[in-house]
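Asker: Could you look at this predicted model? Sequence included:
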Amino acid sequence: MKKDELVAAIADKAELSKADADRALAALVDTVTSTVAGGDKLQIPGLGTFEPRARSAREGRNPQSGETIKIAATTVPGFKAATAFKNATAGK
């Protein structure tokens, strides 16, 4: 599903105009992004939890030369699906 299809589905289900649905989707994405980037978890009941996850420093290999390189520690976004979402996806 592409963004315009998602906006149309939100507009239809929530009985909003497409412009209002587009703004609501943009607000959701912005809120999730800023919350997780700020180091906090965000739970959406029925969907799941977005959270920052720490990835420790490690050694890797350059695939072209085989040379060992150091990969710095970083924080990445993570998502854990809610049970209801998992069950719906599994067809239960």
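Answerer: Happy to help now that I have it. Residues are numbered from 1 along each chain as shown.
Asker: Please, where are all the strands along this structure?
Answerer: All strands of the chain, identified by DSSP state E, fall at 42-44, 48-55, 58-61, 68-71, 74-81.
Asker: got TSV for those, with mean neighbour count and distance to V36 too?
Answerer: Where you see a C-beta, it was placed from the backbone N, CA and C, and this is true even at glycine. Formatted as TSV, those follow (neighbours: other Cβ atoms under 10 Å; distance: least, Cβ to Cβ, whole Å):
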stretch	mean neighbour count	distance to V36
strand 42-44	13	6
strand 48-55	14	5
strand 58-61	10	22
strand 68-71	10	21
strand 74-81	12	5
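Asker: Out of the ones you listed, flag the one nearest L25.
Answerer: Closest approach to L25 among the strands of the chain is made by strand 42-44 (13.3 Å; Cβ to Cβ).
Asker: quick one on the thing from earlier: any chance of the strands of the chain in JSON lines with mean pLDDT and distance to A24 as columns?
Answerer: Below are these laid out as JSON lines (pLDDT from 0 to 100; distance: least, Cβ to Cβ, whole Å):
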{"stretch": "strand 42-44", "mean pLDDT": "97", "distance to A24": "13"}
{"stretch": "strand 48-55", "mean pLDDT": "97", "distance to A24": "17"}
{"stretch": "strand 58-61", "mean pLDDT": "95", "distance to A24": "40"}
{"stretch": "strand 68-71", "mean pLDDT": "94", "distance to A24": "38"}
{"stretch": "strand 74-81", "mean pLDDT": "96", "distance to A24": "20"}
